[in-house]
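Asks: following is a predicted model, sequence given first.
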Amino acid sequence: MADNYHFTEIEDRWSKQWIADKKWAAPVHPRPNSRYVVTMYPYPSGDLHMGHVEIFTINDAIARWSRMRGFDVLNPIGWDAFGLPAENAAIRRGINPKQWTYDNIAKHRASMERLGYSFDWDRVFYTCDPAYYKWNQWLFLRFYERGLAYRAKAAANWCPNDMTVLANEQVVAGRCELCGAEVERRYLTQWFFRITNYADRLVDDLELNTGWNERLKSIQRNWIGRSPGAEVTFVIEGVDDPVTVFTTRPDTLWGATFFVLAPEHPLAEQLVAGSAYEQDLAIFRREVASLTEIDRTSTERPKKGMFLGKYALNPVNGERIPVWVADYVLLEYGTGAIMAVPAHDERDFEFARSYNLPVRVVIQEPGGDLNGATMSGAHSGDGFMVNSGDFDGTPTESSVKVVTDWLESQGTGRHTVNFRLRDWLISRQRYWGTPIPIVYCEEHGEMPVPDEDLPVELPDVVDFNPTGQASPLATAAEWVNTTCPKCGKPARRETDTMDTFVDSSWYFNRYLDPHNHKLPFDPAIANAWMPIDQYSGGITHAVMHLIYARFFQKVLMDLGMAEDPEPFPSLLNQGMVTMGGRPMSKSRGNIVEPAEAFGQYGADALRLYMLFSGPPEADFDWPVEGVGAVGRVTFPWLQRVWRLCEAIDPSGAGGQEPGPPELALRKQVHRTIEVVTRDYEAFSFNTAIARMMELVNEAYRYRAAGGDNQTVLRELVEALLKLLAPMAPYITEEQWHRLGHSGSVHDEPWPVFDAGLAAAELATMVVQVNGKVRDTIEVAPDVAAAEMERLALASDKVQGHLHGLAPSKVITKPPKLISLVAPQP
RNA sequence: GCCCCCGUAUCCCAACCGGCAGAGGAAGGGGACUUAAAAUCCCUCCAGUGUGGGUUCGAAUCCCACCGGGGGCACCA
């Protein structure tokens, strides 16, 4: 008697069995045919959400499929366990962040186990564990030795809500990426990683990432913002040191009619010191400082500035041009100073018109008559140089290079490249992160903590409440007061902690050697697995994690600890899971809890539902009905698969000689193997499932028509179970055993299709006349072109459209298509 | 403003290198089974591919322009 599909019992039993057997453990040293498959480790806030389920399921299907294809597969997991939400939860509840974090990790893990993810549980780590963050500190010291970690005073993004500074990457449209509060600009002394040293390599090596989509590469290119141009040196009257400006259009130098400094530029202060302009500048600076970053960078606001009473000398013609400060010039970009060419730059033009500064045309369009006095907007396009001495007539295509070369020869300029990317600000004024391993000695100043004193552990007793003044760690007096590693005299520890993106910038290396006590990882072991063959995760990390980790990889390479310039040349970005077009959230009430879904319909049905929803990269709008969608779509199909399997005699009793219906069914099995394999290769899980549904439909139709050949049905079901196993691991394992096998379906080799069996005996040839389908004819798959033409011309329908004339042109694509072009009558 | 991605049945989604627009699912309609219903099984309806041009024997697919949606960058010199 056939059993029903009791998914809860089946899933519980196999889940425990696999874990007890350490079924997904990977070897330390892989064979040459290995696959390192990694999905971004989660942040343990609450339980898993649907976004996790989607990407982990995709990742798991890839890992399991790779195993069946004979690869050594490493599919690890860990937790990104440091970070602000834990600390905020701890403050609200009056507990230690550690407790909240570990409670959530336990929830995550239970859900992951039930969902059947084939992670290698022996390699798990938590980044808040001193055994992990010790190596953040170790790596920090290596960066420090090479000048890649440094402390400097700079304008920083301060989140008034989270009471910490943020990296540029963590500010979205002027707001804190985590809490949404508008960030403030503060001049603070902070720790930075010198990522700008790697800006060129970060752009150039994007080309090595052949498995990235264009969208992501474009986001990173935009973010890094490489801008080739020139530096030009100006002399300001009465100032000893020359001032350098950056420009992308040195060919417009002859059109510079004024010179502008950023209001905060130290030189501005110096220029007006003791003059009548001094007080006005102070007032103007205060005005600018009172603007938020959003206002300051708005293109809508009229530009403001003031003359400083000094003149700069244009290096190309010695002309005296007035020096101004203006709010549209930013201290952070380029050199904080510009030459203003109003005729050919929109911003300079706007400013010149509001302050009645001269506009001089130095680029003219062919046949154009641009006039500085009358033009209504800047001409920033191409043309040829005018009013530029010997360079008149030089076209824009070559002018930038020609002029810059000439400036170099004169010693007044040089080719250079500017970047939008800023150095990565890594210090945070919060508790729950890696302590920065630096102490400050009265005598020796900033001193790195020696390697043998690592880890610098987080103290337990701390007042977490951020004050905005000092970091919480400053309240742990016993911890802060230490001794100088050099002289032994009293010293104070650095009280800022590291950005948690430091943790995630190298974690995939730690999985490869997770218990190493001497090094973050053994390069020899890591290099055997690296780079990651398939990485997966959200595109929300496009300019954060995905740029930082690439930077780390390059530094590791320069340290001799890595061989590969890119850590994850192939990356899959899953789409967002939404409901009603908006992100799922508790407060909005548009949420489906994974536990609810697998509780009602099972992990297999939920996994399959996520995979069936569409291509992995596409956003997925969950139907508003909620979990019921699983009960309407993939759960009934799994029951259908279950019933089909139950119709197979486990004793393996043979069937009769196969007749035409059985041969047709067998052909369908092999065609399914062929296309499903192709779909897996393309990560096209939704179409793979559709193909399997088709096969199941065929089997049902065969049985509904009275067919019951056990041999062919068993072939079909066994192939189906193998093809489905990476996506729905439980039902396939259970039925594989019920069919009488003692081993695991997950240890089976991936099925191979028989090309002879998969091929059709007859092909359908489409006959087009003038591009329109006029007839279809059954032909042999290996039909010759001449035979196709003969058959096509023999068709009455075709003759009707040729009007009895011979075709003027014949295109054949054997065996599927022949296209005839009728002669013009 | 510049750049990237996407527009296909009522809905979700297919369509390889340009070659019969439809694989799958949902919803809808009909039928079988049943005393009846549910469940199950079978059958079935549904668009000419956002719009307008172009290239081609032939365009959902390639090119151009536009419209709509999503995203990135943006007083970046």
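Replies: Thanks, I have it.
Asks: what is the least confident helix or strand in chain A?
Replies: helix A:293-296 (a mean of 68; mean pLDDT, DSSP states H and E).
Asks: the helix or strand following that one vs RNA strand B: in contact?
Replies: Downstream of helix A:293-296, the first helix or strand assigned by DSSP states H and E is strand A:305-313. No - Strand A:305-313 does not reach RNA strand B (C-beta under 7 Å from any atom of the strand); its nearest approach is 9.1 Å. All C-beta spots, glycine's among them, are computed from the backbone N, C-alpha and C.
Asks: next structured bit after strand A:305-313?
Replies: Assigned by DSSP H and E, the successor of strand A:305-313 is strand A:320-326.
Asks: any buried residues in that following strand, and which?
Replies: A:321, A:322, A:323, A:324, A:325, A:326 (16 or more other C-beta atoms under 10 Å).
Asks: in a markdown table: those residues, plus pLDDT and distance to residue A:807.
Replies: Listed next are the buried residues of strand A:320-326 as a markdown table, based on pLDDT from 0 to 100; distance: C-beta to C-beta, whole Å:
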| residue | pLDDT | distance to residue A:807 |
| --- | --- | --- |
| A:321 | 96 | 74 |
| A:322 | 96 | 78 |
| A:323 | 96 | 78 |
| A:324 | 96 | 76 |
| A:325 | 95 | 77 |
| A:326 | 94 | 72 |
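Asks: ends of stretch A:252-270, what's the gap?
Replies: Taking C-alpha to C-alpha, to the nearest Å, stretch A:252-270 runs 28 Å from one end to the other.
Asks: now swap in stretch A:646-666 and tell me
Replies: 19 Å.
Asks: buried ones in it, by neighbour count?
Replies: Judged by neighbour count (16+ other C-beta under 10 Å), stretch A:646-666 contains these buried residues: A:646, A:648, A:655, A:662, A:665, A:666.
Asks: distance to RNA strand B added to the buried residues of strand A:320-326, as TSV?
Replies: Compiled in TSV, those are given as follows (distance: C-beta to the nearest atom of the strand, whole Å):
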residue	distance to RNA strand B
A:321	14
A:322	17
A:323	15
A:324	13
A:325	12
A:326	8
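Asks: show me what contacts residue A:281?
Replies: Residues near residue A:281 by C-beta atoms under 8 Å, 6 or more residues apart in numbering: A:263, A:268, A:269, A:272, A:306, A:308, A:325.
Asks: check residue A:436 too.
Replies: A:137, A:140, A:191, A:426, A:427, A:494, A:496, A:497, A:498.
Asks: the residue lying closest to it once chain neighbours are set aside: neighbouring residues, count only.
Replies: Leaving aside its sequence neighbours, residue A:436 sits nearest to residue A:494 (C-beta to C-beta, 6 or more residues apart in numbering; 4.5 Å). Other residues lying near residue A:494 total 20 when counted by other C-beta atoms under 10 Å.
Asks: roughly how far does residue A:494 sit from residue A:440?
Replies: 7 Å (C-beta to C-beta, to the nearest Å).
Asks: now swap in residue A:765 and tell me
Replies: Where residue A:440 is concerned, residue A:765 sits at a distance of 83 Å (C-beta to C-beta).
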